[in-house]
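# Here's my sequence, what's the structure:
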Amino acid sequence: MAKSPGNSTLEDSLGQYQRSLRERASRSLHQLKCALREVDVTVEEEALDPPTSINVENEDSGVAWYELQHSHAVNQLKALLRQQASKDNEMSPPRRRKMSPPRPSECEDSSMPSLHNLVPIINDQSQYIHHLEAEVKFCKDELSGMKNRVQVVVLENERLQQELKSQRQEETLREQTLLDASGNIQDSWIKTGEDSRVDEAAKRPFSHGDAETGKTTSFGNAEKWKLELERLKLTYEAKSDLLESQLTLLRKDLVEYQKTCEDLRERLKHKESLLAASASSRVGGLCLKCAQHEAVLSQTHSNVHIQTIETLTKERDDLMSALVSVRSSLAEVQQRETSAYKQVKQAVQMTEEASFEKTKASALMQCEQLKSELERQSERLEKELAAQLEKRAFEKEMIKKEVAKEREDAESKCLGHPAVLQLSVLLLALQQMWMEKLLQCNADFQMVGVGEKKILILSQNIAQLEAQVETVTREKVSAVSQLEDAQSRLASQEADVSEVCGEMRFQLNKTKMEKDEAEKEHREYKAKSQRDLEIKDEAMVAKVVMEVDTVHLEVMVTAMVVVLVVVIEETMVMVDQDMETKVVDAVVDEEDMVAIMMDEENLVEEIEKLRLELSESRQHVEQEQQKAARARQECLQVTELLGESERQLHLTRLEKDSIQQSFSNEAKAQALQAQQREQELTQKIQQMEAQHDKTENEQYSLLTSQNAFLTKLKEECRTLARKLEKISQKSRSEIVRLSQEKRYMCDKLEKLQKRNDELEEQCVQHGRVHETMKERAYTVQVGRLRPSVLSCSHSSVCSGVQVD
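The predicted structure follows:
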């Protein structure tokens with residue numbers, strides 16, 4: 001509460017300062033409005049009343065001289081002319097008396113200037129007037145061009161003053177509300193304190209705890225007051241900063257105005273020196289009578305032209321100062337606009353570059369992920385293919401070796417036996433079955449190769465997608481460059497905007513098409529992967545079936561071999577029985593043929609043959625027994641192979657289940673990845689659409705601002721065209737007036753030339769008369785001298801005669 005008087009003094013000083021500033025601003029605005037109205041009035045009067053003839057000009061100049069007779073400039077000119085006249089009178093009084101005969105008008109008007117000083121001014125009067133009229137026209141054009149801008153500045157100043165007033169009113173209202181609120185709080189606190197005190201006095205004495213509560217409340221109030229004081233300090237500091245900035249701006253404007261005033265003063269001095277030099281260098285070219293006549297005519301209007309010159313120079317200086325100030329304000333506004341435009345452009349470029357880099361990084365990451373996934377899948381499939389090809393090649397070789405061995409064994413065992421023929425037929429059938437199954441396996445391998453080809457096609461498609469992404473990025477960069485070119489080319493911006501919009505729409509359609517193609521490819525990839533899984537499952541099933549068929553065939557072969565062994569054993573038994581019967585028959589025959597000695601040799605040969613056949617049959621039986629043992633061993637091997645094949649079947653089923661699970665997991669992962677990619681693509685498309693909408697809105701705002709600027713320029717051009725028409729009309733009227741003056745002067749010149757010719761003729765006639773008079777005087781003198789000469793000659797003759 002101790003700082004309240006200082007704050008009140010600060011508020012009073014600030015209020016006084018703001019009032020003084022408002023008064024100054026209102027005065028300057030009032031002066032500007034008055035000056036503009038006066039200029040408009042003078043321009044309208046000059047446009048309504050152009051000079052038409054020399055007599056009207058003389059009358060107007062007389063009225064102006066009568067009105068401006070008592071001005072300070074006229075008095076100064078009169079004093080200077082009087083001083084010059086007194087100097088001329090002191091320098092040459094007799095000559096002055098001879099040259100200037102007395103006239104009543106000159107004797108009466110002793111205050112008028114001398115003729116010697118007025119003659120050059122009168123001679124150069126038209127030039128001065130034309131020069132000043134040209135300058136006045138230029139200044140009027142500039143003023144009419146800048147008047148609208150000055151009015152705009154005035155309106156802006158008024159608007160700013162109104163805003164300041166409204167802000168000040170709002171601030172005062174806020175302060176009043178704060179003060180009222182604080183006063184109400186204090187009153188409530190005082191009332192509550194009094195009530196509590198009364199209650200305490202009535203009920204019980206004052207206690208120590210109540211004192212502590214009062215202290216806490218007072219401390220909280222002090223803190224609130226401190227916060228309010230800090231807020232007030234901040235507001236006053238902000239106000240002081242604003243006022244200081246306004247002061248700096250006003251000082252800058254003052255310095256600029258002082259500079260312009262100094263420049264204009266220097267120009268004035270220079271022009272005055274030029275006028276003085278031109279006036280001093282002029283020499284009168286008229287005769288005495290004509291000069292006196294013209295001086296008498298123009299003495300009444302000489303000071304008017306000087307005063308008009310001074311007024312015109314003042315108007316020109318004022319207009320030039322206004323022009324300089326308006327140009328400086330325009331330059332500042334243009335600089336601000338350019339700086340704001342550059343800042344906005346830089347911000348837009350930074351945001352576009354950041355978004356482009358983000359999209360590029362995400363696209364590159366996706367491409368790398370796809371590449372790594374494709375490489376992994378291709379490597380895994382290649383490994384599986386290589387393993388399967390090795391297995392199939394090894395199995396082919398083993399089967400070929402087994403078939404070759406079986407053929408050799410069958411051919412070596414028995415060639416002509418019917419069972420052997422049946423075995424050969426069965427072996428051929430088995431070979432055909434094996435060849436068919438091998439062809440099926442090759443077809444399966446070809447299907448696996450087709451899957452690899454499809455994977456390669458997918459990798460190529462992904463590479464194409466990457467290339468398309470790169471093309472999209474390049475097209476985006478080209479679109480950004482086109483946007484910058486469109487911003488720089490303001491004249492052809494509408495066409496550029498339409499082209500850019502078309503390109504962006506084409507790109508959006510292209511991205512949508514690419515999205516649809518990617519979705520289709522994803523679906524095809526899903527279908528192909530499912531087909532590949534089904535094909536692999538079918539191949540595994542076919543493989544198992546083939547192995548089962550091979551096992552069955554081996555079982556059949558073993559059965560056939562067993563049958564063959566049984567048949568061979570039966571044949572061996574039959575052969576043994578035949579041999580025994582033959583031996584018995586041979587014994588009988590020997591007994592019978594003991595008597596017959598003739599057939600002994602034949603019997604011996606037959607016995608030997610039979611022995612040989614027996615040995616051969618025994619060998620064959622031994623071989624067949626060995627083959628049967630081998631067949632039994634092969635049956636055991638086949639049973640072992642069957643167990644192994646069953647185990648392999650179980651393992652293959654487990655592998656099939658694991659592969660199916662892995663494929664299902666991979667399909668789920670790919671589906672999730674595809675969904676994520678779809679979401680990312682939708683997000684990117686939405687971002688692109690939002691950016692496109694932003695760019696369209698910005699371009700629309702730019703177009704609207706440009707259209708407004710063009711309308712303003714058109715209005716200014718129309719105003720300038722109207723002013724040009726007015727100026728052309730004025731110039732035409734002045735040209736007509738000048739042509740009339742020229743005709744008048746030409747007529748006057750012709751008259752003067754005629755008069756000069758007449759005077760020359762008169763001078764010539766006077767000379768002739770003078771010569772004739774001289775001749776007559778000479779003849780008279782000669783006539784007078786002749787008798788005296790004759791008398792002198794006669795006297796001399798007489799004297800000579802006398803001397804002789």
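# Going by contacts, tell me the helices and strands next to the strand or helix carrying Ala222.
Ala222 is part of helix 208-281 when elements are defined by DSSP states H and E. Here helix 208-281 is seen to pack against helix 4-48, helix 125-203, helix 302-413 when contacts are counted using 3 or more CB pairs under 8 Å, 6 or more residues apart in numbering; DSSP states H and E. C-beta: built from backbone N, CA, C; applies to glycine.
# what's the angle from it to helix 302-413?
120 degrees (axes from the mean of the first three to the mean of the last three CA atoms, to 10 degrees).
# Give me the longest helix you can find in the chain.
Across the chain, the longest stretch assigned as helix under DSSP state H is helix 600-803.
# angle of that one against helix 302-413?
160 degrees.
# what pLDDT, on average, does helix 600-803 get?
Predicted confidence along helix 600-803 averages 78 (mean pLDDT).
# Can you work out which other helices and strands pack against that helix?
Packing partners of helix 600-803 (3+ CB pairs under 8 Å, 6+ apart): helix 125-203, helix 302-413, helix 418-488, helix 493-593.
# Mind doing that once more with 10 Å?
Judged by 3 or more CB pairs under 10 Å, 6 or more residues apart in numbering; DSSP states H and E, the packing partners of helix 600-803 are helix 4-48, helix 54-67, helix 125-203, helix 302-413, helix 418-488, helix 493-593.
# Where among these is average confidence lowest?
helix 54-67 (a mean of 43).
# tally of neighbours for Cys139?
Using other CB atoms under 10 Å as the criterion, Cys139 is surrounded by 20 other residues.
# How about Glu624?
A count of nearby residues for Glu624, using other CB under 10 Å, gives 20.
# Look up how far Gln637 lies from it.
When CB to CB, to the nearest Å is the yardstick, Glu624 and Gln637 sit 20 Å from each other.
# try Gln258
123 Å.
# what does Lys684 give?
As defined by CB to CB, Lys684 lies at a distance of 66 Å from Gln637.
# Neighbour count: those two, which is higher?
In this view Lys684 and Gln637 are compared by other CB under 10 Å, and Lys684 has more residues nearby, 16 against 12.
# Was I right to think that one contacts Ser362?
Yes: here Lys684 lies in contact with Ser362, judged by CB atoms under 10 Å, at a distance of 7.9 Å.
# dump the residue contacts of Lys239.
Applying CB atoms under 10 Å, 6 or more residues apart in numbering, one finds that Lys239 lies in contact with Leu14, Gln18, Gln167, Arg168, Glu171.
# Would you mind measuring from it to Ser20?
Using CB to CB, Lys239 is found at 15 Å from Ser20.
# Could you do Lys226 as well?
In terms of CB to CB, Lys226 sits 33 Å off from Ser20.
# for Val152, same thing?
Relative to Ser20, Val152 is positioned 26 Å away (criterion: CB to CB).
# can you check Gln753 too?
Distance check for Gln753 against Ser20: by CB to CB, it reads 71 Å.
# same check, this time on Val736
From Val736 over to Ser20 (counting by CB to CB), the distance is 55 Å.
# Equivalent analysis for Thr313, please.
In this structure, Thr313 and Ser20 are 34 Å apart, going by CB to CB.
# Among these two, which residue is more densely surrounded?
Counting neighbours by other CB under 10 Å for Thr313 and for Ser20 shows that Thr313 has the greater number, 18 against 10.
# How about that one: what's its closest non-neighbour residue?
Leaving out its chain neighbours, the residue that sits closest to Thr313 by CB to CB, 6 or more residues apart in numbering is Leu268, at 6.7 Å.
# Quick check, the one you found in contact with Ile309.
No: using CB under 10 Å as the test, Leu268 is too far from Ile309 to be in contact (11.6 Å).
# Comparing these two, which residue is more hemmed in?
In this view Leu268 and Ile309 are compared by other CB under 10 Å, and Ile309 has more residues nearby, 17 against 14.
# The closest residue to the more buried one other than its chain neighbours: neighbouring residues, count only.
On the basis of CB to CB, 6+ apart, the spatially nearest residue to Ile309 that is not a chain neighbour turns out to be Leu132, at 5.9 Å. Leu132: 17 surrounding residues under other CB under 10 Å.
# So Leu132 versus Leu724, what's the distance?
Using CB to CB, one obtains 21 Å as the distance from Leu132 to Leu724.
# got it, and Arg630?
128 Å.
# what does Glu644 give?
Summarising the geometry, the distance separating Glu644 from Leu724, computed by CB to CB, is 112 Å.
# how deep is the closest residue to Arg677 other than its chain neighbours tucked in, by neighbour count?
Closest residue to Arg677 apart from its sequence neighbours, by CB to CB, 6+ apart: Gln366 at 6.9 Å. The number of residues packed near Gln366 is 19, by other CB under 10 Å.
# Isn't Gln366 up against Glu678?
No: the pair formed by Gln366 and Glu678 falls short of the contact definition of CB under 10 Å, at 12.0 Å.
# So for the two, which residues contact both of them?
Contact with both Gln366 and Glu678 is made by no residue, according to CB under 10 Å, 6+ apart.
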